[in-house]
Structures are given as structure tokens and as C-alpha cells.
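# give the three-dimensional model of this entry:
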Amino acid sequence: MTDRIESPHDSDAWAHACAEDLAAEKARRKAQYGAQPGTAAEELRRLFDTVAERFAGPATRVAGAAAAGAATSAAQEMARQFVVTARQATEALVERNPELFDHLAAAKEELVAAYRAAVQRDEARWTKDEPDGGAERIDLD
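Down below sits the predicted model:
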């Protein structure tokens with residue numbers, strides 16, 4: 001027998017302690033290594049935010065300058081509008097298929113591994129210690 005009295009909150013105590021430990025470990029790693037990349041969808045959102053900020057920043061600085069031409073402002077506005085439209089389309093895609101970008105990122109890694117496997121032997125042959133790099137000579141005469 002145990003001296004412990006069961007309560008409805010005991011089942012959550014372990015989960016709560018684990019969550020606290022995980023949060024503390026994440027904070028420690030963030031302090032030590034900096035912010036870790038998020039999911040592929042979060043990283044894409046950050047990319048769009050950064051690009052949008054880049055287009056918004058120069059447009060507001062240049063708008064006040066007397067030398068700014070109408071063509072420059074129009075091009076910047078078109079680029080900014082393109083980024084906004086692309087972000088909206090991506091957001092809709094992420095909302096409907098939240099795991100899509102994670103799968104695409106994983107597929108990229110597999111494709112890179114497959115490429116390496118395919119060319120590794122040939123690459124070693126091409127870079128032998130031969131004067132011509134192991135390439136075949138073709139006489140054009």
C-alpha cells in the first residue's frame with residue numbers, strides 16, 4: 001500500500017513536469033545556440049516577411065528623397081504587391097495542407113542524397129590524380 005492519495009490532478013502532474021522540463025531545455029538551447037529553425041512552413045513565412053520588409057524599407061526611404069523617380073516607385077510597388085500576393089497564396093496552401101512543406105523539405109534531402117549516390121563514383125573518377133583530371137580526350141582533328 002502507498003501513503004499517496006490519488007487525486008484527479010495527479011494524472012496531469014507528469015505531463016506538466018515534462019512540459020516544464022521541455023520548455024527549460026528549449027530555453028537553454030536557444031540561449032546556447034540561438035533560435036532554431038521552425039517548420040518549413042514557418043521558415044517560408046519568415047522569408048516572405050523578410051522580403052516584404054526589404055521592399056517596404058527602401059520604398060519609404062526613397063519616397064522622401066527628391067531624386068526618386070516614378071519608375072523606381074512603381075517597380076518597388078509592383079514587387080511589394082507580388083510578395084504580398086505570393087504570401088497570401090502560400091498561406092492558403094499552408095492552411096489547407098499544413099504538412100506539405102515539411103514533406104517537400106524531406107523530399108529535398110532525399111533528392112540530394114540520391115544525386116550524391118549517383119555521381120559520387122563518377123566524381124571520384126573525374127578527380128583522379130591524372131593530369132587531365134581523368135577526363136577522356138577527344139581529338140577534334
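
# from the chain's centroid, how far away is the helix or strand containing Gln81?
Taking DSSP states H and E as the criterion, Gln81 maps to helix 70-96. Distance of helix 70-96 from the chain centroid (Cα atoms, centre = their mean, to the nearest Å) equals 19 Å.

# for that helix, name the packing helices and strands.
If contacts are counted by 3 or more Cβ pairs under 8 Å, 6 or more residues apart in numbering; DSSP states H and E, helix 70-96 sits against helix 40-63, helix 100-126. In short, each C-beta sits where N, CA and C put it, glycine included.

# could those be laid out in a markdown table, adding distance to Trp14 and mean pLDDT?
Formatted as a markdown table, the helices and strands packed on helix 70-96 follow (distance: least, Cβ to Cβ, whole Å; pLDDT from 0 to 100):
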| stretch | distance to Trp14 | mean pLDDT |
| --- | --- | --- |
| helix 40-63 | 29 | 72 |
| helix 100-126 | 29 | 86 |
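
# still on that earlier bit, what's the angle between the helix holding Gln81 and helix 100-126?
100 degrees (axes from the mean of the first three to the mean of the last three Cα atoms, to 10 degrees).

# other residues contacting the strand or helix carrying Cys18?
Counting by DSSP H and E, the element that carries Cys18 is helix 10-33. With Cβ atoms under 8 Å, 6 or more residues apart in numbering as the test, helix 10-33 has contacts from Gln36.

# centroid residue for the chain?
In the chain, the centroid-proximal residue (Cα atoms, centre = their mean) is Glu43; its distance is 4.0 Å.
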